[in-house]
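S.K.: Sequence first, then the predicted structure:
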Amino acid sequence: MIDIINLSDWKKMKEIKEVYERYDKHISKDGREFRLLVEQYNEGYFNHLHDDFIAHDNVKGYKLTSDPKEIERSLNDYKKRGINQLIKYCRGMRARGENINLQLLIEETEGGI
């Protein structure tokens, strides 16, 4: 379904939903279905199956790109969100009275990737 949208330029979720509706496909209010398709598509980039990547920007939307700078900005957002989630996890575990060693947790996670 990702191929029905021309992402050569930035498209916001509103525009993407409009295209999907023309094909009698619907995306929920939060856009989860489309984001899952983006994740699946980008797996091909991670596995070196293709050189393009669907980048996301909170202001501009989504764009299919092979520009290294746009890809890096999008990947940095993954890193920032991942670190923020990990910090919240640790804070929550400490609130439960468990001592979490963040460095050890990161090392354990990297070993599983």
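M.R.: Structure received. Numbering: from 1, shown residues only.

S.K.: which regions of the protein sit below the pLDDT cut-off?
M.R.: Scanning the chain for pLDDT under 70 picks out the ranges 1, 101-105, 109-113.

S.K.: Try it again at 80.
M.R.: 1-3, 94, 96-113 (pLDDT under 80).

S.K.: how does it divide into domains?
M.R.: Residue ranges for the domains of the chain, per automatic domain parsing: 1-66, 67-113.

S.K.: most neighbours per residue, which of those domains?
M.R.: Among the domains of the chain, domain 1-66 has the highest mean neighbour count (mean count of other Cβ atoms under 10 Å), at a mean of 14. Using the backbone N, CA and C atoms, a C-beta is placed for each residue, glycine as well.

S.K.: Give me the residues contacting stretch 54-74.
M.R.: For stretch 54-74, contacts defined as Cβ atoms under 8 Å, 6 or more residues apart in numbering pick out 2, 7-13, 15-16, 34, 38, 41-42, 45, 51-53, 77.

S.K.: right, and residue 106 touches residue 86 too?
M.R.: Yes. Using Cβ atoms under 8 Å, residue 106 is in contact with residue 86, at 7.4 Å.

S.K.: Against the centre of this structure, work out the most remote residue.
M.R.: What lies farthest from the middle of the chain is residue 97; by Cα atoms, centre = their mean that is 31.8 Å.

S.K.: need the helices for this protein, in chain order.
M.R.: Per DSSP state H, the chain carries helices over the ranges 13-22, 32-46, 68-95, 102-112.

S.K.: how far does the longest one sit from the chain's center?
M.R.: Meaning helix 68-95. A distance of 11 Å separates the C-alpha centroid of helix 68-95 from that of its chain, computed with Cα atoms, centre = their mean, to the nearest Å.

S.K.: Specify the angle between that helix and helix 32-46 in degrees.
M.R.: 110 degrees (axes from the mean of the first three to the mean of the last three Cα atoms, to 10 degrees).

S.K.: same deal with the shortest one?
M.R.: On the basis of the same axes, to 10 degrees, helix 13-22 is oriented at 100 degrees to helix 32-46.
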